[in-house]
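[1] this is a predicted model, with the sequence first.
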Amino acid sequence: MDLETIATPALLLDVERLGRNAARIGNRVRDLGARLRPHVKTHKSIEVARIQTEGHSGAITVSTLAEGSAFVSRGFQDITYAVPIEPGKFKAALALAKACQRLGLITDDPEIPALLNEAARNENVLVDLFLKIDCGYHRCGVEPDSKEALEIPGRISDSSNLRFAGILTHAGHSYHYRSRTERLTVARHERDVMRQLAAELRDSGIDVPTVSIGSTPTITVVDHLEGIDEARPGNYIFFDAFQASIGSCTLDDCALTVLAAVVHRDLKRKKIVIDAGAIALSKDRGAIEFDPTCGYGRVLDLEGHNLGLRLDSLSQEHGEIMAQNGDISGLRVGSRVRVLANHSCLSAAQHSHYHVLESGRIVDRWEIQRGW
């Protein structure tokens with residue numbers, strides 16, 4: 001099976017680039033003095049997680065309880081579920097806690113500790129619970145200078161079946177900065193806000209076992225992690241067109257592409273259509289605030305060389321490429337291209353498996369663990 005004959009659209013994973021990314025960021029986190037707890041939502045793959053945790057503790061971060069169950073069943077025993085827990089998921093979360101050595105949950109709501117503690121007591125299980133901190137992203141989390149930032153840890157610590165696991169944040173707003181200097185400023189703020197809050201909690205008599213941060217744009221630039229216990233980057237394992245646009249990586253670091261075939265061409269309108277649409281790629285607009293012409297991904301040849309074309313529009317199963325600044329004369333119906341999508345995490349989640357690419361050849365197939 002090769003790139004000319006495999007059915008399209010197909011998800012291609014360059015395992016050599018993946019290995020380099022795993023080593024680069026894994027070594028960086030270790031050298032900065034923190035533990036690595038990668039976010040496996042990017043890939044949802046047992047094989048990828050084993051590569052990125054080799055030489056580390058094996059701890060991982062998940063974004064769904066189904067991911068957690070899949071990884072626990074295959075030997076991963078230290079899990080943090082990094083979406084705020086709500087009562088409708090207590091039953092599944094507590095079942096997962098019983099199945100592994102450690103499950104960490106997160107909350108930013110003052111009412112959750114009592115409710116979760118009662119559920120955990122009824123199931124006779126002990127659960128780690130983090131306080132989620134907003135360090136500037138404004139998606140979830142409590143403000144570090146709010147009364148809740150001191151109140152909620154106290155409620156958790158006073159619970160019979162909960163352990164206060166520490167404080168956790170995600171600098172997702174780092175994706176809105178293109179210069180290294182700006183991203184370094186965000187990274188330092190993420191770190192320093194968390195260190196300061198941890199010190200305040202400890203001064204108030206509350207133990208803070210873990211101070212946890214995480215984002216790919218910040219971990220690639222941060223100058224030190226003193227006072228930080230663990231980092232949870234995720235996208236770094238694949239990178240993508242967005243990360244390349246903001247400077248977190250180069251195009252040569254990007255490990256994930258979608259193989260597609262040309263199904264239509266119109267030389268008069270300078271347009272070709274491929275068989276990879278929104279279902280194969282997702283409709284993430286990418287770094288549009290920096291590059292209004294970024295479209296839905298960059299178009300590469302089968303060897304991975306940039307053709308200078310962008311995927312301009314998507315429908316469910318079609319992708320349109322307009323050749324305003326590139327050459328499509330060599331692309332005929334049946335020709336194959338690779339699309340470097342804007343957001344590798346979302347693109348991967350559209351597929352059931354990876355076709356593992358090594359030295360230009362497909363050498364394996366790795367399943368993707370999906371579901372909520």
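    Arrived safely, thanks for sending. None of the values given here were measured: they were computed from a predicted structure.
[2] C-alpha only now, for contacts and for neighbours.
    OK.
[3] tell me the confidence at residue 329?
    On the pLDDT scale, residue 329 is placed at 85.
[4] where does it fall, phi/psi-wise?
    Dihedral pair for residue 329: phi -60, psi -30, per degrees, to the nearest 10.
[5] before we move on, what's the pLDDT of the residue lying closest to it once chain neighbours are set aside?
    The shortest distance from residue 329 to any non-neighbouring residue, by Cα to Cα, 6 or more residues apart in numbering, is to residue 267 (7.6 Å). Listed pLDDT for residue 267 reads 88.
[6] equivalent analysis for residue 338, please.
    98.
[7] give the helix, strand or coil label for it.
    Taking DSSP: H, G, I helix; E, B strand; the rest coil as the rule, one finds residue 338 in the strand state.
[8] which one is it nearest to, not counting chain neighbours?
    Residue 338's closest residue in space is residue 259 (Cα to Cα, 6+ apart), at 4.5 Å.
[9] okay, now the residue nearest to residue 329: neighbour count?
    If you count neighbours by other Cα atoms under 10 Å, residue 267 ends up with 12.
[10] from residue 273, how far off is it?
    11 Å (Cα to Cα, to the nearest Å).
[11] kindly report the same for residue 142.
    For residue 142, the distance to residue 273 - Cα to Cα - is 46 Å.
[12] try residue 127
    51 Å.
[13] partners of the one helix or strand residue 366 maps to, with directions?
    Per DSSP states H and E, residue 366 falls inside strand 361-367. Using DSSP bridges, the strands paired with strand 361-367 are strand 353-358 (antiparallel).
[14] can you list contacts of the strand holding residue 366?
    1-3, 45-47, 352-357 (Cα atoms under 8 Å, 6 or more residues apart in numbering).
[15] among these, which ones are buried?
    Among those, the ones that count as buried by 16 or more other Cα atoms under 10 Å are 3, 45-46, 353-357.
[16] could you identify the most distant pair in those?
    3 and 46 (24.0 Å; Cα to Cα).
[17] helices of this protein, residue ranges please.
    Ranges of helices in the chain, per DSSP state H, are 15-31, 46-53, 65-72, 90-99, 112-122, 148-157, 180-203, 216-219, 241-246, 278-281, 344-349.
[18] residues near the residue nearest to residue 97 when sequence neighbours are not counted, how many?
    Once flanking residues are discounted, residue 97 sits nearest to residue 103: 5.2 Å by Cα to Cα, 6+ apart. Residues within reach of residue 103, counting by other Cα under 10 Å, total 22.
[19] so residue 103 touches residue 72, yeah?
    No - using Cα atoms under 8 Å, residue 103 is not in contact with residue 72, being 10.1 Å away.
[20] could you chop the protein up by domain?
    Domain segmentation of the chain under automatic domain parsing yields 32-237, 249-367.
[21] turn the ones you listed into TSV, including distance to residue 18.
    Shown next, in TSV, are the domains of the chain (distance: least, Cα to Cα, whole Å):
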stretch	distance to residue 18
domain 32-237	6
domain 249-367	6
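[22] residues in contact with the residue lying closest to residue 74 once chain neighbours are set aside?
    Spatial nearest neighbour of residue 74, chain neighbours left out: residue 46 (7.5 Å); criterion: Cα to Cα, 6+ apart. If a contact means Cα under 8 Å, 6+ apart, then residue 46 has 71, 74, 367-368 as its contacts.
[23] make a markdown table out of those residues and add distance to residue 222.
    Shown next, in a markdown table, are the contacts of residue 46 (distance: Cα to Cα, whole Å):
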| residue | distance to residue 222 |
| --- | --- |
| 71 | 29 |
| 74 | 33 |
| 367 | 33 |
| 368 | 31 |
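[24] whichever of those residues end up buried, select them in PyMOL.
    Remark: buried members of these, expressed as a PyMOL selection using 16+ other Cα under 10 Å:
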select buried, resi 71+368
